[in-house]
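[1] The following block contains a protein sequence and its predicted model.
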Amino acid sequence: MADEIQQVVMTPEMLQTLIASLGQPHVVPTSQGNFSRCTHRFNGSKEQDVHAFLDSVSVYKDCVQISDANALKGFPMLLEGQAATWWQGVKNSVHTFDDAVEALKHAFGYSKPAHKIYRELFSKEQKEEEKTDLFVSRCRALLSRLPNTPVLPEAIQLDMVYGLLHLKIRERVPRDSLSNFEDLINEARKVEVTLQEIKMIPTSSQGKPVPSKVPGDPSKSKSKKQCTYCKAYGHIRDECRKLSQKKSEPTSGTNQLSSSPPNSESTKPQVTCFGCGAIGYIRSNCPTCKAKPMKSEPQDSPSEFRYYNTSGEEQVRPIVSIEIENMHGTAILDTGAKTSMAGSQLAQLLRSKQVPYETKPLRITLADGIERSVTSHMFKVAVKIKHKKVLTNLLAVPEHADSRTLLGIDFMQEANMLLDMKMNCWYFWR
C-alpha cells in the first residue's frame, strides 16, 4: 500500500519563527576558555606598568570569554619573577579574579599619595618639540591615579593641564574656547600643523624674508631689503656703501714704511732690517749692522742669545750675561722654572762675600717629576741685565754641586722680558 502523504499546515507567524532560528549561529560553550594563548606577562619590575598589564588581560579575558573561575586558575601563568614569588605568598587569601586584580594593583601599582602626584604633575611642563596630545595623555594618566574621593572636576583638571602647555600653544588656543580635553587636543593639533607648515616655507636666498602670517603674530605688509654684507636693511649688497668704500681703500702691509711713494704700484710690504730699518735687507745680511761693533751699552734694540750646548745635541738653551754684586757671569733663561735658582759656583761666591741669606726646609720638584725635601738658601740680590736691575730671590740648594744659574718666570715677568725664540733674541717690552 502506498505511503500516505502527510501535509503540514503552518501559520505565517510559525514560518517566520522557523526562518529566524535557522539564521542564528551555533554558540560554542566558552566555559573552557583560559589564558594559555595570552602573550602578556608581568614580572613585577619598575619598568613595567601594572595598570597597562591588567588592562590588556581584561580585554583578552572579555574577547575569549573566559570565566572568572578559569581566569583565577590561569592567572599565575601570566606572572614571572618577583610577581610570581609574590603570588605564591598570597594565593591562599585570594578567592576571586577581582580580588587577584586588586591585590596585584596594591602590591605593584602606583601607591603615591595625592600631594606627591600633584608635585610630579606640576614639575614637568611641555617641551617645545613635544606633541600636545602625548603630553596631555601623560598628565591625564597621572590624574587618573588620584583617589576616587573626592572627585576632581574635569574643568579643574583642564585648568591644571592647560597651565603646563608650551607658550606657543597657550597664546594661540584661548582657555575660554575649551570645554573638555577633546577640544584642547583638537585645537592644539591645528596649531601644530600650522607651525609645521611655517617651518617648511623656504627663506629667500637674496636676504628678503618670505611674507607669512602666523596665527597670533603680527605680520609685516611689505618685505624690506637686507644687505648680505653689512646686514642692514634698505639696500642690497651691490648698493652697499661700506663694501664699495672698503674696495676703494688701498691695501698696505703692517711693516710698510710711511715714507714710501704715494703712487707706488706695488702694495706688498717691503723687507726691512729690524736692527737699523734699512729697506731691502734683513739683519743677518745688513751691511750697516754688520759694520757696527758689538757693544754692551744699554740699547733699545733686541739682544741676541748666546747658546749653551753640552753634548752636541741640536736642542740648545739660551744664555744671557748678568751682573750680581759686581760679579759678571751668565745665566740660562728657563721658562719652565717658577723660581730663579743660583748655581753652585754663584752660591759659593755669594756666601764668601757674606751676602745674607735665609735657610729653610723646602719641598721642590725638579725635571724628573719627583718631589724632594731639601735644605735651601734663599738670596735676595739685584740682578743686572743690560741696563736694568731687578731685585730677585735666588734659591740655592747646597746638595746640588754642579747646578747652574737659572732665571725663571719670576725674573722674566719682573724684568718685562719678551723672548723671541724664532729670531733668537729678547728685549724689554717696557
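    All right, it came through fine.
[2] By mean pLDDT, flag the weakest helix or strand of the chain.
    Ranking every helix and strand in the chain by mean pLDDT, DSSP states H and E puts strand 306-308 at the bottom, with a mean of 52.
[3] Any idea how many residues pack against Cys286?
    Neighbourhood size, Cys286 [other C-beta atoms under 10 Å]: 19. For the C-beta atoms, the positions are set from N, CA and C on the backbone; glycine is no exception.
[4] Buried residues, the biggest helix by length in the chain. List them.
    Ranked by number of residues, the top helix in the chain under DSSP state H is helix 181-199. The neighbour-count check on helix 181-199 (16 or more other C-beta atoms under 10 Å) flags Phe181, Leu184, Ile185, Glu187, Ala188, Val191, Glu192 as buried.
[5] got the contact list for Ser244?
    Ser244 makes contact with no residue, according to C-beta atoms under 8 Å, 6 or more residues apart in numbering.
[6] any idea of the mean pLDDT for the helix or strand containing it?
    Using DSSP states H and E, Ser244 falls within helix 241-248. What helix 241-248 shows for mean pLDDT is 80.
[7] Could you shift the numbering so residue one becomes 26, and keep it that way?
    Yep, numbering from 26; the last one is helix 266-273 now.
[8] Leu374: neighbour count?
    Neighbour tally, Leu374, other C-beta under 10 Å: 16.
[9] for the helix or strand hosting it, packing partners?
    Following DSSP H and E, one finds Leu374 within helix 369-377. The contact analysis (3 or more C-beta pairs under 8 Å, 6 or more residues apart in numbering; DSSP states H and E) places helix 369-377 against strand 352-358, strand 396-410, strand 413-421.
[10] if I pick Lys409, what's in contact with it?
    Contacts of Lys409 by C-beta under 8 Å, 6+ apart are Ile347, Glu348, Ile349, Val415.
[11] So which of the residues you listed is the closest to Pro172?
    Set against Pro172, the nearest of these by C-beta to C-beta is Val415 (81.0 Å).
[12] Tell me which residues touch the closest one, please.
    Ala407, Val408, Lys409, Phe436, Glu439, Ala440.
[13] Can you check the pLDDT for it?
    Residue-level pLDDT assigned to Val415 equals 89.
[14] what about the nearest residue to it once chain neighbours are set aside, neighbour count?
    Closest residue to Val415 apart from its sequence neighbours, by C-beta to C-beta, 6 or more residues apart in numbering: Ala440 at 4.6 Å. Under the neighbour criterion other C-beta under 10 Å, Ala440 is assigned a count of 19.
[15] so how far is Lys409 from Ala440?
    Ala440 is 10 Å from Lys409, where distance means C-beta to C-beta, to the nearest Å.
[16] Compare the contacts of Lys409 and tell me which is most surrounded.
    Ile349 (23 neighbours).
[17] and this structure, what are its domains?
    Here the domain assignment for the chain is 75-133, 139-224, 294-326, 328-453, based on automatic domain parsing.
[18] Just give me the lowest mean pLDDT stretch among those domains.
    domain 294-326 (a mean of 67).
[19] What about Glu436, how many residues nearby?
    Small correction: residue 436 is Phe, not Glu. Phe436: 24 neighbours (other C-beta under 10 Å).
[20] right, and it touches Leu416 too?
    No. With contact defined as C-beta atoms under 8 Å, Phe436 does not count as touching Leu416 (9.9 Å).
[21] what is in contact with these two at once?
    Val408.
[22] Counting by contacts, list what the helix or strand that the least confident helix or strand of the chain is followed by packs against.
    Next in sequence after strand 331-333, counting helices and strands by DSSP H and E, comes strand 342-349. The contact analysis (3+ C-beta pairs under 8 Å, 6+ apart) places strand 342-349 against strand 331-333, strand 352-358, strand 396-410.
[23] excluding its backbone neighbours, what's nearest Leu358?
    Pro343 (4.8 Å).
[24] isn't that neighbour right up against Ala356?
    No. Contact criterion C-beta under 8 Å: Pro343 and Ala356 do not qualify, at 9.7 Å.
[25] In terms of neighbours, single out the busier of these two.
    Ala356 (24 against 20).
[26] In contact with the residue nearest to the more buried one when sequence neighbours are not counted, which residues?
    Using C-beta to C-beta, 6+ apart and skipping the chain neighbours, the partner closest in space to Ala356 is Thr430 (4.3 Å). By C-beta under 8 Å, 6+ apart, the residues touching Thr430 are Ile347, Gly354, Thr355, Ala356, Ile357, Ser365, Met366, Ala367, Gly368, Leu371, Leu419.
[27] can I get the residues you listed in a markdown table with distance to Phe122?
    Formatted as a markdown table, the contacts of Thr430 follow (distance: C-beta to C-beta, whole Å):
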| residue | distance to Phe122 |
| --- | --- |
| Ile347 | 99 |
| Gly354 | 101 |
| Thr355 | 99 |
| Ala356 | 95 |
| Ile357 | 92 |
| Ser365 | 89 |
| Met366 | 89 |
| Ala367 | 94 |
| Gly368 | 95 |
| Leu371 | 98 |
| Leu419 | 93 |
